[in-house]
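> below: sequence and its predicted model.
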Amino acid sequence: MIKLSLAKKILNILLKNGGDFSEIFIQKRIANSLSLEDRKLENASSGFELGCGLRLIRGDSTFFAYIDSLTEEKILNAAKILGSAVNSSSEVKVLDLAQRKLEQRWIIKDPPSKKKQAAKKEMLLKADSCAREYSGSIIQVTGSLSDIENEEFIASSEGLFIQNSSVKVFLAVNVVAEKKGQIRTGYKSFGKTSGYEIFDNTSPEDISLRAAIIAVKMLDAVNAPAGAFPVVIGPAFGGVIFHEACGHGLEADAIIKDASVFKDRLNKKIANSRVTAIDNPSMPYHWGSYTADGEGYPPGENILIENGVLVNYITDYKSAKKTGFKRTGNGRRQSYRDIPLPRMSNTYIACGNDNPDDIIKSVSRGIYAKEFSGGQVDPATGDFVFGISEGYLIINGVIAEPVKGATLIGNGPRILKKIEYVGNNLDFAPGFCGKAGQSIANEVGQPTILVSSMTVGGTSV
Amino acid sequence: MVKENITYYCKKACSLTGKKVSEYEVYGAESTHNEAEIFNGNIESLSFSGEKGIGIRVFKKGKTGYAYTSNLEENEIIACIDKAVENADISTCDIYNYLPSPKDYLYSGDTVNRKTLFSDNFESFTIEQKIELAKKLESCAKSIDKRVSAVSDLIYDDVCSDTVIMNSNGFDDSYKSTSAFIYIGIISRDNSDTSTGDYFGYERDLSFFKIEEIAEMAVKRSTSLLGAKKIKSGKMDLLLHPFVSAQLLQVLAGILAADSVQKGKSIFKGHLGKKIFALDINIIDDGTLEKGLSSKPFDAEGVPKGRTVVFENGILQTYLYNTYTARKDSRLSTGNSVRASYKSPPQTGISNFYLEAGKTTVDDMIAKTDKGFYVTDIIGVHSGINPISGQISVGAKGLLIEKGSLTVPVKEVTIATDIFSFCKSITDTGNDLKFFPSGGYAGSPSLLVEDITVSGN
């Protein structure tokens, strides 16, 4: 998308008044989204974005500009303005740019650009009728299908010159059921860093049926209890607990700002010995995966917690340099309009040895949380919440009635120590994570786990 | 006409679109943006940007399709139009799908003084002044209380934007707006505990910020909760800070959109004319509100804005409509079509949406509460409130009220109810109406609510 010589020229203009690092990030993105509701394809939208972000770092300060254009004149102009913002004695030379092309390492068989919008519509229609056929109590089905084809070009004064591409497809189905004036919902999503072949083994109907089953089950839900109880957290989306309770607190920008309860805890035991947790952006096809991060850095598996001991944080270029922690390739950005930040990718609690059925049997009175609606954390205090969208009472080791949606609240460092069982059924779920106004693809995962005590935000005292 | 401004591109897109379809709309937005983040007296980040893009909506015999582009080269605009047409071809035909025209308008006139939507001085502020102001807020907060250990977030952000809508029915109008936002997040610590608190300012330009007041509020919201503990579960009265009540009000706003109601996704379906609140509460959506940061002359499809009383004396009067949903209910559009940016097709949403202030001061509300919980912040609104089923369960922190006084700080508890019970449980409204920016501009005073489940130990 840009010539090597021009890239080098821009990087040098950025550093003309000094600085430690300069970068040019060019992105071309084609996105499609379709939504079906009321049995109608209501919204079909497509978008084209092309632009570039220029970044200059001097000491602790980042200077950033973006433009919605790749015109040479406009980029040079923006680079000049940005370069003038800095006045520094430090002089960094732009290293020779070694060109590397990073293809997505995994094969894409059925890319969105080859898929007709009409074929996507068919998928949503099938998902809709499958959900509606499940039960007469279903009054609404909303299906949304979106895809992105992304091309990136990144050059930096460190000598990086990378071309990178990726493809993502995401389906979400929300089902509304009604009985005697009570309205309940069921939600299920499915997404991968892949083309439309994601539906080869899991069909849109599988996803909508699952959402329909949840909505209908929840029609019989009783009030969730209030108070502290043992909570069994199911696999896949259950991993949102680790994402909130710990993951955000390990992102190194929070450490730098003294805004994390996990600061100064490296090589210390912070979780039950059964807990090993990993962030791995390099797992093929996973929703939060990438070949190079938003700074062009190729990531690998990053073990965060090993048998309960904190061994690594999550870093980008700037935070790794500032803290001295290992650079992990987690500098992620929503688009060329945003500054990279240390962010999680695919973050999960590793597989344990416990049988999930035995974990449930171990609880005499508690909650089984199976599906979730997301969560939030205050990393400085470690206090976090996550919402149960499909949950059940456990009575004498047996799963009993469904309970209405409720929030679970806890404190990260304390909850990590209360994870007493870790199952052998690791699974993953796709989602979106918001931080500093940037929303990115994030995957969570875990096997079934038991938290020995957690406050359940029900209404029944 | 200045070449290369957004109006120029919208006109160009119109003439190109007109060659392919007869019914279309072009929405254009151009903005310049400045953001500065300060940490420990230094610039953490500084960004400059200029953004430009168009969104094209086409109609073909009741079918509609959308596409957008940030690349305004002619061939890219053409590709964008083709995509919008392809999208229309696959969409489901619906007799209510056609462009707005004056016969859809509930409000007729241009009641907004367009000069109030932007500050004339906006462009006179230099980047150095913005940075100084942000630094001043940081140092001010640190000097107020020794327990303030870090300012974790100090963000200044401003935007100047031009919005243009043109359509094949002859609508052609634009407006300019400016805003400046400043946000501070504080961490305070004592021997045993860490507590966070935040506050913000949101104005037409930075000269309106009351820096000392913003610093004081953020510090107070953080330090007053040091040493907070979980409390025993039980039912009690709640006093909700506007930070909290405004977030709950936004949830209400979502299910008052006619779109949600018509699709069976709102518990307010079938409740027009019914008394929902025990009190005689008024809730208003006013797109023409003076000093309202969401005021504009027309909505996201060019329909004039107005003042819509949604609840009067606690009784539900109307839903919020765009033209499509209005036609479906044989009503007129209340001018509530919104879009997050040129990248989104129009949807239904709020403008300045608020619960009218009452007369009681917060102090009086505390004084008349025998045993209660003053909730100063909530967490997990997105995950803990299901607007469709109406269930509410969110994390909360604040202070206990005992015999009319604030006593022990509280954290790590939840409050849970459902939307109808919540509306019925409000027993008093404060005189301290405060607005919050977020997908519109929602405002609420402090609210006293009785008998809500608090879950802790």
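In hand now; what should we look at?
> contacts only, for the closest residue to chain A within the stretch 351-457 of chain B.
Chain A sits closest to residue B:414 of the stretch 351-457 of chain B, with a gap of 2.9 Å, by Cβ to the nearest Cβ. Every C-beta, even on glycine, is put in place using the N, C-alpha and C of the backbone. Contact partners of residue B:414, counting by Cβ atoms under 8 Å, 6 or more residues apart in numbering or on different chains, are A:226, A:385, A:406-407, A:409, A:455-457, B:384, B:393-396, B:454-456.
> how many residues are close by the closest residue to it other than its chain neighbours?
Nearest residue to residue B:414, sequence neighbours excluded (Cβ to Cβ, 6 or more residues apart in numbering or on different chains): residue A:457, at 2.9 Å. Using other Cβ atoms under 10 Å in any protein chain shown, residue A:457 is surrounded by 33 other residues.
> for residue A:457, phi and psi?
For residue A:457, the backbone dihedrals (degrees, to the nearest 10) come out as phi -90, psi 60.
> if we can go back for a sec, give me the subset of the contacts of residue B:414 lying in strands.
Counting by DSSP state E, these place A:226, A:385, A:406-407, A:409, A:455-457, B:393-396, B:454-455 in strands.
> format the residues you listed as JSON lines; extra columns: distance to residue B:333 and pLDDT.
Shown next, in JSON lines, are these (distance: Cβ to Cβ, whole Å; pLDDT from 0 to 100):
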{"residue": "A:226", "distance to residue B:333": "43", "pLDDT": "96"}
{"residue": "A:385", "distance to residue B:333": "38", "pLDDT": "96"}
{"residue": "A:406", "distance to residue B:333": "38", "pLDDT": "91"}
{"residue": "A:407", "distance to residue B:333": "36", "pLDDT": "95"}
{"residue": "A:409", "distance to residue B:333": "41", "pLDDT": "96"}
{"residue": "A:455", "distance to residue B:333": "45", "pLDDT": "96"}
{"residue": "A:456", "distance to residue B:333": "44", "pLDDT": "96"}
{"residue": "A:457", "distance to residue B:333": "39", "pLDDT": "96"}
{"residue": "B:393", "distance to residue B:333": "35", "pLDDT": "96"}
{"residue": "B:394", "distance to residue B:333": "33", "pLDDT": "97"}
{"residue": "B:395", "distance to residue B:333": "38", "pLDDT": "97"}
{"residue": "B:396", "distance to residue B:333": "38", "pLDDT": "97"}
{"residue": "B:454", "distance to residue B:333": "42", "pLDDT": "97"}
{"residue": "B:455", "distance to residue B:333": "42", "pLDDT": "97"}
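> which residue sits closest to residue B:41, ignoring its sequence neighbours?
Nearest to residue B:41 is residue B:135, by Cβ to Cβ, 6+ apart, at 6.1 Å.
> from chain A, how far off is that neighbour?
13 Å (Cβ to the nearest Cβ, to the nearest Å).
> so after the helix or strand harbouring residue B:353, what's the next helix or strand?
Residue B:353 belongs to strand B:352-355 when assigned by DSSP states H and E. Once strand B:352-355 ends, the next helix or strand along the chain (criterion: DSSP H and E) is helix B:362-367.
> what pLDDT does the residue of the stretch 351-457 of chain B closest to chain A get?
pLDDT recorded at residue B:414 is 97.
> before we move on, what about residue A:161?
Looking at residue A:161, the pLDDT reads 88.
> would you say it is within a strand?
Yes. Under DSSP: H, G, I helix; E, B strand; the rest coil, residue A:161 falls within a strand.
> follow-up on the earlier one: what's whichever helix or strand the residue nearest to residue B:41 is part of in contact with?
Here residue B:135 sits within helix B:127-144, counting by DSSP H and E. Residues from elsewhere that reach helix B:127-144, judged by Cβ under 8 Å, 6+ apart: A:85, B:34, B:36-38, B:40-41, B:43, B:46, B:48, B:148, B:151, B:154-156, B:158, B:182, B:184, B:186, B:206, B:209, B:211-212, B:214-216, B:218-219.
> list the buried residues of that helix.
Buried residues in helix B:127-144, counted by 16 or more other Cβ atoms under 10 Å in any protein chain shown: B:130, B:131, B:133, B:134, B:135, B:137, B:138, B:140, B:141, B:142, B:144.
> chain center to the helix or strand following that helix: distance?
Remark: after helix B:127-144, the chain's next helix or strand is strand B:148-167, criterion DSSP H and E. Distance, stretch centre to chain centre, for strand B:148-167: 13 Å (Cα atoms, centre = their mean, to the nearest Å).
> mind listing what's buried in strand B:148-167?
B:148-167.
> which of those residues are close to chain A?
Restricting those to those touching chain A (Cβ under 8 Å from any Cβ of the partner chain) yields B:149, B:150, B:152.
> quick one: which of the residues you listed is nearest residue A:40?
residue B:152 (45.7 Å; Cβ to Cβ).
> where does chain B have low pLDDT?
Low-confidence segments of chain B (pLDDT under 70): B:1-3.
> and it, what are its domains?
Following automatic domain parsing, chain B resolves into domains at B:6-223, B:234-455.
> for the last one, how far is the first residue from the last?
If I follow you right, that is domain B:234-455. 7 Å (Cα to Cα, to the nearest Å).
> for the shortest one, same thing?
One end of domain B:6-223 to the other measures 47 Å (Cα to Cα).
> now stretch A:404-421
25 Å.
> what's the closest non-adjacent residue to residue B:117?
Closest to residue B:117 by Cβ to Cβ, 6+ apart is residue B:177, at 4.4 Å.
> list the beta-bridge partners for the one you found.
Beta bridges link residue B:177 to residue B:161, judged by DSSP bridges.
> for it, what are its contacts?
B:117, B:118, B:160, B:161, B:163, B:296.
> how close does the first one sit to chain A?
This means residue B:117. 23 Å.
> quick one: that residue and residue B:295 touch, right?
Yes. Counting by Cβ atoms under 8 Å, residue B:295 is a contact partner of residue B:117 at 6.4 Å.
> and the residue of the stretch 351-457 of chain B closest to chain A, what element?
strand B:405-418.
> in the stretch 1-150 of chain B, which spans are helices?
B:6-18, B:74-90, B:127-144 (DSSP state H, counting those that start in this stretch).
> before we move on, what about the stretch 151-300 of chain B?
Using DSSP H, counting those that start in this stretch, helices in the stretch 151-300 of chain B cover B:211-223, B:242-256, B:258-262.
> for chain B, what's the nearest residue on the stretch 151-300 of chain A?
residue A:226 (3.5 Å).
> list the contacts of that residue.
A:456, A:457, A:458, A:459, A:460, A:461, B:233, B:414, B:416, B:453, B:454, B:455.
> so what's the residue count around the third one?
When you say that, I think you mean residue A:458. Residues near residue A:458, counting by other Cβ under 10 Å: 29.
> distance check, it against chain B.
From residue A:458 to chain B the distance is 6 Å (Cβ to the nearest Cβ).
> per-residue pLDDT, that residue?
95.
> what's it in contact with, if anything?
A:223, A:224, A:225, A:226, A:403, A:404, A:406, B:393, B:416, B:453, B:455.
> same check on the first one?
Each residue near residue A:456 by Cβ under 8 Å, 6+ apart is listed here: A:224, A:225, A:226, A:227, A:228, A:229, A:231, A:367, A:406, A:408, B:414, B:455.
> backbone dihedrals for the first one, both of them.
To tie it back to what came earlier, the one meant is residue A:224. Here residue A:224 shows phi and psi, under degrees, to the nearest 10, equal to phi -70, psi 150.
> I'd say it and residue A:402 touch.
No. Counting by Cβ under 8 Å, residue A:224 does not reach residue A:402; the two are 9.6 Å apart.
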